[in-house]
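Student: please find the sequence and the predicted model below.
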Amino acid sequence: PTQQICYTPTELGKRFCQSAITFNRRLADAGLQENIGGHWVPTEKGRKHAVVLDTGKAHSSGTPIQQVKWKDSVLAEVAL
């Protein structure tokens, strides 16, 4: 199977001289993610561009920490 490199909002933002906060807002404004309980979650529209990965870390409660990473295809959806 072909592997695809995925990026955090911080990494994508750096490409366009933007902060992670700004890039996360762009993703949300494009309807690709929403903030639920202080965590970014891909929307139905964003799921085809996103990968949710387990970081191998855990919250103090023991709940695994997951991170959303984005495929390059998301850039076509975000107004830059």
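Tutor: Yep, that arrived. Worth saying up front: this structure is predicted, and the values here are computed from it rather than measured.

Student: quick one: distance of the longest helix seen in the chain to the chain centre.
Tutor: Taking DSSP state H as the criterion, the chain has its longest helix at helix 20-29. Helix 20-29 sits 9 Å away from the centroid of its parent chain (CA atoms, centre = their mean, to the nearest Å).

Student: repeat for stretch 16-26
Tutor: In terms of CA atoms, centre = their mean, the centre of stretch 16-26 is found 11 Å from the chain centre.

Student: now swap in stretch 50-61 and tell me
Tutor: Distance of stretch 50-61 from the chain centroid (CA atoms, centre = their mean) equals 13 Å.

Student: average pLDDT for it?
Tutor: On average, the pLDDT along stretch 50-61 is 88.

Student: circling back: what comes up buried for the longest helix of the chain?
Tutor: For helix 20-29, burial by neighbour count (16 or more other CB atoms under 10 Å) applies to 23-24, 26-27. The C-beta positions use only the backbone N, C-alpha and C, and glycine is treated the same way.

Student: so what does the following helix or strand past it touch, helix or strand wise?
Tutor: Counting by DSSP states H and E, the next helix or strand C-terminal to helix 20-29 is strand 33-36. Applying 3 or more CB pairs under 8 Å, 6 or more residues apart in numbering; DSSP states H and E, we find strand 33-36 packed against helix 20-29, strand 39-42.
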